[in-house]
Structure formats: C-alpha cells, structure tokens
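Undergrad: Provided below are the primary sequence and the corresponding predicted coordinates.
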Amino acid sequence: MHTIKRALISVSDKSGIREFAEQLHKRGIEILSTGGTATLLRQHGIPVTSVQDVTGFPEIMDGRVKTLHPKIHGGLLAQLDNEAHVEQMKLHDISSIDLLVINLYPFEQTVARGDADFDEIIENIDIGGPAMLRAAAKNFAWTAVVIDPQDYSAVLEAMDTHAGCVPMDLRLRLAGDVFRHTAYYDAKISEYLGRHDTALPGVFTYAGAKVMDLRYGENPHQKAALYGSFTDAFRQLHGKELSYNNIIDIDAAQQLVMEFNEPTVVIIKHTNPCGVGTAATLSDAWDKAFSTDTVSPFGGIVAVNREVDVAFASTVHAIFTEVIIAPSFTPEALELLMKKRDRRLITADAQRIRAHAAPVVKSITGGFLVQSADAALIDSEKMTVATQREPRDQELSAMMYAWKVCKHVKSNAIVYAASDRTLAIGAGQMSRVDSARIAAFRARQFGISLADSAVASDAFFPFADGLLQCIEAGATAVIQPGGSVRDEEVVAAANEHNITMMFTGMRHFRH
C-alpha cells in the first residue's frame, strides 16, 4: 500500500476541514490548497502550499482556472508502479498527490436559494473540482479521494491502523462515492439548464441524494430509501418515522387535494381516494368525505387544503388515521392531535410542489419509462356536450367534481359525485362495468342514494353496458373522455335515457 505523504485540499463545504487538516499536518503530510480553503487553514496555523506555487502559474479568470494544470493532474493520475510515468514525473518536476480532499461549488444550493440570478448560478458550476475528483477516483490505487466530510474520520482511522496508508477497500468505496456524486452534480446542472424544455431528452438523467433509509419497502422483505427533495415540500411535525407506503400515499393525497380551491378534505387508502368532501369549513367537509365510506378511512391518510384548527382536529381525532397533511396546524390543534404518539402530522407546501412538478419515472426490466406529469384536467377546446340534453348547472358542477377525483383513482375508475362530495368510488378493476357496479354496491352498503348523481369515467366506455350500469344506479349526468369506436352507441343509450353526457377530450389513466 502507498503511504500518504502529500494532500491537496480545496473545499466549498468547510465543515470539519480545519480539524481534518490539523490531523494530517500532525502526521507529517504536506498540504496543498487553493483560495478560501488555504486562507482558512493558514488562519489556524496549519502550513499550506498554494497550488499556484506548485504550478508556477497564477489563478486567472476570476479563479475559473487554477488547478487545470499538468503538475496537478499529473500528480493525481500518475501510476507510481509504472516506470514510464515515474520518469515523466521526474522530467517535468511533478510530485505525486496521494490524497485529494474536495467538495464542489454549491450549485444545487444556489439554485434552491431562489434569489440567485442566472449569472451567479452559472458561476457555481464547478469545473476544476470535478476534473480533479474524476482523475483521483480513476487512479484510486495511488490517489485516495474524499468528497464527503463524513469520511474524514474513516480516513484518519485507516491511516492510523495501516501505518499511514489507506487500504484498497476504502479507496475503492471512496472512488465509487465520487463518481456517484459527480454524476448527481452534472444531472442537477442538466436539469436546471433544460428546465424549460418540453420534449423528453435523448439521454434522461434522474438523480437524487439520499435523505434517509426507510425501515423497508412496500413489504418487510424489501429494502427502501428516500431520495430527492420530498422533505423540502413535506415537513413532519410529529409521529413515527414515515414508511415507504406512507410517502406514496402522502404524495397521492396532496396531489388530489390541490385540485380544489374551496376547503376540501381528501381521505386516501392505498393511493386511492375513499372519500372527498368540500364545504365552508373543514369539519363539514370531513363529514361529507367520511360518509362516502365509513370503513376504509380507518388507518387512512387525510389531506386538507386549509389550516387545521381545533374544531377539525377534534373531529378527526376520534378515529385512527396514519397521517394528516395540511398547509399548517394551529397550536391548539397540534396539542390535541399529538396526543396520539404514532400519528404522523405533516405540513405541505403546495406552492413548492406545483413549482417542482417532476416527470413520472417507472422502472421496468432493463430500464425505465418516463412521462411528463399529468398536470392538466380537461382539454377545453375539445370538451363538448355529446348528448341531446345539455347539463344543468348543478349537474355540470357535480360532473367537474367527479372528474377531479376520478383523475386520481386507479384505472379502471368510476366516481359518482354531487357538486360538493363523492358519493361512491369504484377503482382498479379489470372491467369498467365492474368498477361501476362495485361503486354502486358500496353506495348501497353505506346508505347513499345515487339518484340524480354525476358520474366520471377516467377513460371512454367501450360499450354501452358500463354507462347503463351507471344509469341504473341513478346517475343523470356523465363525464368521460370519449373516443371509442362505439361512441355513437354509448351516446344513443344516453339519449334514450334522457341523461346528459360530456366528452372531455382528455383521458386520465392511472396504472
């Protein structure tokens, strides 16, 4: 193994660097450095050699060019068991750099600040740092490389137990960390520069830093972790740690509640809504949502689009709920809801969620599928009344309510609704007529009349049988995308029963 004798340190994140450099100095290691890092180390009495003293060339172009030099990259890339490399090092007065300690300009953090202009963001694209990191990581057998301050102690411990050397297994792990980090860094730059592109790129990169390990995935035998910026939009105030399934349900519930402007309560179970209600107050909206299905909400996820006050908290506190999501909670509401130790209380930043609508990525064997987010609701230019009878105002309002909910129900989806609440929901069936039957059956189970209700179907009725099932249940208004080869047959059945039906021109499959 190769003894560490010379290190180059240049970091943007300076946490722990003084202590690390002090320990390197105590072990007799020469330290090279640049800019602000060199200044910091000198202020604490740590001897430092400037990179420009090694290269014989000053930093130029406002620091854009300082380490891109053969005396630096030769020292990082030289294979010390290669006689030709060693001879060339002697010929060009190049010394080996045995340890590289670098982290990159804070590009992602600068973008996230929100107040940085374009020029400042571009200046935070690091060039020299990734070049050195990649060089050292490629040559990990001779140049140990550290990018994460969390690894400083591991490197020092390894040197102490291996006579000043860093063992190969640690070198290899650190090199892998570097390439993962530079890939992530470049992906974030690509994401920012391509943020206004409407087409999916020829090469798709999708990067996220790990936020936390989760206890398990959908099932206990599956491993899982959370990556990305989910916790920037959703903040946990109380309760057990979030599970994989919790996180999926939280996102589903919040996406649905954001469809509504009026005070609305959404109750989710396994990503499907089991009740949605709208009213002047959240308490009244809860009564409407809960009455759709009084069984499934137990252990469910509740999302609202108004601050939770103590009146609503008192109402929902009576049943077991896994998670409650809201823009905010009053102190009194928090005090009450926190009496159940395990219940998760989450605040959601709807503005941030809307601003960062991500593409939908789904893994498949050998790759993944990517699609843009389903951010639309209807195609107003294609929306038409397909039947002889025009919808009444109340029917139109109920159809739009059903349509908003139906967009978030697993296909095949059928939603019966009034203008302010869901009445029955049929989800995830192989046949659309079965979804309609199941929804009607559940309405009867909970004593809900579907007379004069509106129905939304996420995709067209391929035959008239599904529509007839809805009519038999009591619906007088139907909203669906249209586009079936049998649309004429379906419209004729609607006209025969004097119901109104609208075509949206937009489908909302959810697999």
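TA: Yep, it's here.
Undergrad: only C-alpha atoms for contact and neighbour calcs from this point on.
TA: Fine.
Undergrad: Residue 291 and residue 449: what is the separation?
TA: Between residue 291 and residue 449 the computed distance is 12 Å (C-alpha to C-alpha, to the nearest Å).
Undergrad: For residue 117, the count of nearby residues, please.
TA: Per other C-alpha atoms under 10 Å, the neighbour tally for residue 117 reads 10.
Undergrad: All further residue positions should be reported with the first residue as 44.
TA: Shifting the count to begin at 44 puts that one at residue 160.
Undergrad: out of residue 334 and residue 492, which sits in the busier spot?
TA: residue 334 (22 against 15).
Undergrad: which non-adjacent residue is nearest residue 517?
TA: residue 494 (4.1 Å; C-alpha to C-alpha, 6 or more residues apart in numbering).
Undergrad: looking at this structure, which helix or strand is least sure?
TA: Within the chain, no helix or strand scores below helix 94-98, which has a mean of 85 by mean pLDDT, DSSP states H and E.
Undergrad: export stretch 472-484 as PDB, just CAs?
TA: Listed in PDB are the C-alpha atoms of stretch 472-484, where the atom choice follows Å, rounded to 0.1, in the frame of the first residue of the first chain:
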ATOM      1  CA  GLN A 472     -61.000  -3.200 -11.800                       C
ATOM      2  CA  MET A 473     -60.200  -5.100 -15.000                       C
ATOM      3  CA  SER A 474     -63.600  -4.100 -16.400                       C
ATOM      4  CA  ARG A 475     -65.100  -0.600 -16.400                       C
ATOM      5  CA  VAL A 476     -68.600  -2.000 -15.800                       C
ATOM      6  CA  ASP A 477     -67.300  -3.900 -12.700                       C
ATOM      7  CA  SER A 478     -66.000  -0.600 -11.300                       C
ATOM      8  CA  ALA A 479     -69.400   1.000 -11.900                       C
ATOM      9  CA  ARG A 480     -71.100  -2.000 -10.100                       C
ATOM     10  CA  ILE A 481     -68.700  -2.000  -7.200                       C
ATOM     11  CA  ALA A 482     -69.200   1.700  -6.600                       C
ATOM     12  CA  ALA A 483     -73.000   1.300  -6.700                       C
ATOM     13  CA  PHE A 484     -72.800  -1.600  -4.300                       C
END
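Undergrad: Now it: buried residues?
TA: Judged by neighbour count (16 or more other C-alpha atoms under 10 Å), stretch 472-484 contains these buried residues: 472, 475, 476, 477, 478, 479, 480, 481, 482, 483, 484.
Undergrad: Now, these that are in helices?
TA: 475, 476, 477, 478, 479, 480, 481, 482, 483, 484 (DSSP state H).
Undergrad: how close does the second one sit to residue 417?
TA: This means residue 476. Taken as C-alpha to C-alpha, the span from residue 476 to residue 417 is 25 Å.
Undergrad: do the same with the fifth one
TA: Applying C-alpha to C-alpha, the value for residue 479 to residue 417 is 24 Å.
Undergrad: From the chain's centroid, how far away is the lengthiest helix in the chain?
TA: Secondary structure of the chain per DSSP H: the longest helix is helix 211-236. Computed by C-alpha atoms, centre = their mean, to the nearest Å, the separation of helix 211-236 from the middle of its chain amounts to 19 Å.
Undergrad: Any stretches of the stretch 344-493 of the chain with poor pLDDT?
TA: In the prediction, the stretch 344-493 of the chain carries no residues with pLDDT under 70.
Undergrad: mind running it again at 90?
TA: Applying pLDDT under 90 to the stretch 344-493 of the chain flags residues 361, 395, 397-402, 415-416, 418, 421-425, 471.
Undergrad: Can you check the pLDDT for residue 44?
TA: On the pLDDT scale, residue 44 is placed at 68.
Undergrad: I misspoke; the intended subject was residue 305.
TA: Residue 305 is assigned a pLDDT of 97 by the prediction.
Undergrad: Ok, the one 10 residues further on next?
TA: Looking at residue 315, its pLDDT is 95.
Undergrad: Tell me the backbone dihedrals of it, please.
TA: Here the main-chain torsion angles of residue 315 (degrees, to the nearest 10) amount to phi -100, psi 140.
Undergrad: Residue 422 now?
TA: The phi/psi pair for residue 422 (degrees, to the nearest 10) is phi -100, psi 100.
Undergrad: Just give the number of residues close to it.
TA: 14.
Undergrad: just residue 107 next, same as before
TA: Using other C-alpha under 10 Å: residue 107 sits among 13 other residues.
Undergrad: Give me the distance between residue 194 and residue 228.
TA: 19 Å.
Undergrad: whoops, residue 439 was the one
TA: From residue 439 to residue 228 the distance is 49 Å (C-alpha to C-alpha).
Undergrad: Residue 162 - that's part of a helix, no?
TA: Yes - Residue 162 forms part of a helix when assessed by DSSP: H, G, I helix; E, B strand; the rest coil.
Undergrad: distance of it from residue 154?
TA: 11 Å.
Undergrad: neighbour-wise, which of the two wins?
TA: In this view residue 162 and residue 154 are compared by other C-alpha under 10 Å, and residue 154 has more residues nearby, 19 against 8.
Undergrad: tell me the SS of the more buried one?
TA: helix.
Undergrad: Name the nearest residue to it, ignoring sequence neighbours.
TA: residue 164 (6.4 Å).
Undergrad: The one you found touches residue 148, doesn't it?
TA: No - contact criterion C-alpha atoms under 8 Å: residue 164 and residue 148 do not qualify, at 10.1 Å.
Undergrad: can you give me the strands for the stretch 444-554 of the chain?
TA: Remark: strands assigned in the stretch 444-554 of the chain by DSSP state E, counting those that start in this stretch are 457-460, 465-469, 496-500, 518-523, 543-546.
Undergrad: Show me which residues of the longest helix of the chain are buried.
TA: 213-215, 217-218, 220-222, 224-225, 227-232, 234.
Undergrad: And stretch 342-360, by the same measure?
TA: Quick answer for stretch 342-360 (16+ other C-alpha under 10 Å): 343-353, 355-356, 359-360.
Undergrad: What's the end-to-end length of that stretch?
TA: 12 Å.
Undergrad: which residues in the stretch 94-243 of the chain form strands?
TA: Going by DSSP E, counting those that start in this stretch, the stretch 94-243 of the chain shows strands at 142-146, 187-189.
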